[in-house]
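A.B. asks: Coordinates only, no sequence provided:
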Ligand SMILES: [Zn+2]
């Protein structure tokens with residue numbers, strides 16, 4: 001599932017490519033993938049069954065402004081009154097090809113036997129066509145993601161954009177802010193603490209494992225047991241690991257691919273995530289894993305105390 005570094009990668013790659021592009025046509029191949037309005041998706045699907053037609057109609061002739069994100073929501077702002085919100089959820093992919101790249105073949109999954117395919121293929125559900133002949137494809141193998149069209153006025157009322165904790169890579173996320181958040185959940189297991197988007201935005205299973213390894217603390221420790229030094233390391237780990245992952249274009253485990261069709265390379269340097277049973281890259285011990293509220297956490301029993 002894409003986490004902050006993967007979504008940030010998508011935003012950074014799409015921003016210069018989409019800026020000032022004018023939408024010529026939108027093809028919605030699977031109606032349930034799109035909705036209009038700020039309410040939750042399930043409500044919108046019930047109350048607006050023709051949203052896929054209206055979605056496409058409203059977008060023709062619109063010009064793209066900025067591309068940004070809040071937590072894991074991608075916000076494609078249009079220069080008129082609309083913004084397109086895209087949530088990739090489990091397996092969503094946004095892939096952009098300039099006109100001359102349209103014949104390109106890419107692998108949609110980061111597994112050895114993933115075939116080379118042309119787009120659109122059977123997991124393509126929405127296609128944006130721009131007036132310069134370039135195209136943006138929304139693929140979603142498991143179909144949990146969505147695209148939502150909202151007006152700029154509706155944007156502050158969008159349910160999925162509310163109640164998030166601070167952006168960990170933001171300068172405003174300081175050690176003082178972090179300490180306050182730790183104090184709010186002094187008895188939570190650190191694995192669950194890091195996964196809670198209401199406390200800190202954008203951290204999922206991959207990066208919580210890697211951050212805890214960096215901080216040298218075991219996933220079931222709680223904030224109240226942390227020494228001042230461990231708190232500092234945990235804070236530094238959040239900033240360093242996420243920033244480093246962005247630098248490597250995220251982790252292509254499973255379905256994440258960059259808008260260019262290339263893979264992120266951070267997965268190659270994971271220290272613990274997905275490595276249970278393998279040797280620790282630092283001390284040589286065998287990496288262990290454990291379930292935390294249904295999520296698997298991997299850790300080194302020697303490096304992490
Ligand atoms: Zn180790």
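C.D. replies: That came in fine, so what should we check first? This structure is a prediction, so every number in the text was calculated from the model and none was measured.
A.B. asks: Could I get the full set of helices for the chain?
C.D. replies: Remark: helices assigned in the chain by DSSP state H are 4-18, 41-47, 51-59, 175-184, 190-195, 205-215, 228-247.
A.B. asks: ok, and which of the ones you listed has the densest surroundings?
C.D. replies: Mean neighbour counts were compared across those using mean count of other CB atoms under 10 Å; the top stretch is helix 205-215, at a mean of 26. (C-beta placed from N, C-alpha, C; glycine too.)
A.B. asks: Contacts for it next, please.
C.D. replies: With CB atoms under 8 Å, 6 or more residues apart in numbering as the contact definition, helix 205-215 has outside contacts at 1, 3-5, 190-191, 194-195, 203, 218-219, 230, 233-234, 236-238, 240-242, 245, 251, 253, 270-274, 295-300, 303-304.
A.B. asks: So residue 282 is in contact with residue 272, correct?
C.D. replies: No: judged on CB atoms under 8 Å, residue 282 makes no contact with residue 272 at a distance of 9.9 Å.
A.B. asks: of the two, who's got more company?
C.D. replies: The residue with the greater number of neighbours, taking residue 282 and residue 272 and applying other CB atoms under 10 Å, is residue 272; the counts read 26 against 13.
A.B. asks: The more buried one: what's it in contact with?
C.D. replies: 209-210, 212-213, 280, 287, 298-300.
A.B. asks: low-scoring stretches of the stretch 1-150 of the chain, by residue?
C.D. replies: Judged by pLDDT under 70, the stretch 1-150 of the chain has no weakly predicted residues.
A.B. asks: which of the contacts of helix 205-215 are close to the ion?
C.D. replies: Filtering the contacts of helix 205-215 for proximity to the ion (criterion: CB under 5 Å from the ion) leaves 300, 303.
A.B. asks: Of all the helices of the chain, which one is nearest residue 69?
C.D. replies: Distance to residue 69, taken as CB to CB, is lowest for helix 4-18 among the helices of the chain, at 4.8 Å.
A.B. asks: Run the angle between the closest one and helix 205-215 for me.
C.D. replies: The directions of helix 4-18 and helix 205-215 differ by 120 degrees, with axes from the mean of the first three to the mean of the last three CA atoms, to 10 degrees as the criterion.
A.B. asks: Going along the chain, name the strands of the stretch 201-305 of the chain.
C.D. replies: For the stretch 201-305 of the chain, the strands defined by DSSP state E, counting those that start in this stretch occupy 288-292, 295-299.
A.B. asks: buried residues in the first one?
C.D. replies: Of the residues in strand 288-292, those scored as buried under the neighbour-count criterion (16 or more other CB atoms under 10 Å) are 288-289, 292.
A.B. asks: If we check the ion, which of these are in contact?
C.D. replies: When contact is defined as CB under 5 Å from the ion, the buried residues of strand 288-292 do not meet the ion at all.
A.B. asks: wait, what's in contact with residue 258?
C.D. replies: Applying CB under 8 Å, 6+ apart, one finds that residue 258 lies in contact with 9-10, 13, 249-250, 264.
A.B. asks: Can you tell me which of the buried residues of strand 288-292 is closest to residue 76?
C.D. replies: Sorting the buried residues of strand 288-292 by how near they are to residue 76, with CB to CB, puts residue 292 at the top with 34.3 Å.
A.B. asks: returning to that earlier point: take the contacts of residue 258 and lay them out in TSV including distance to residue 20.
C.D. replies: Written out in TSV, the entries for the contacts of residue 258 read as follows (distance: CB to CB, whole Å):
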residue	distance to residue 20
9	21
10	19
13	16
249	24
250	26
264	27
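A.B. asks: Distance to the ion added to these, as CSV?
C.D. replies: Conversion of the contacts of residue 258 to CSV gives the following (distance: CB to the ion, whole Å):
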residue, distance to the ion
9, 28
10, 32
13, 34
249, 26
250, 24
264, 24
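A.B. asks: of all those residues, which comes closest to residue 104?
C.D. replies: Minimum separation from residue 104 among the contacts of residue 258 (CB to CB) is found for residue 13, which lies at 15.1 Å.
A.B. asks: From residue 98, how far off is the closest residue to that closest one other than its chain neighbours?
C.D. replies: Sequence neighbours aside, residue 259 is the residue nearest to residue 13 in space, at 4.4 Å (criterion: CB to CB, 6 or more residues apart in numbering). Spatial separation of residue 259 from residue 98 under the definition CB to CB, to the nearest Å is 11 Å.
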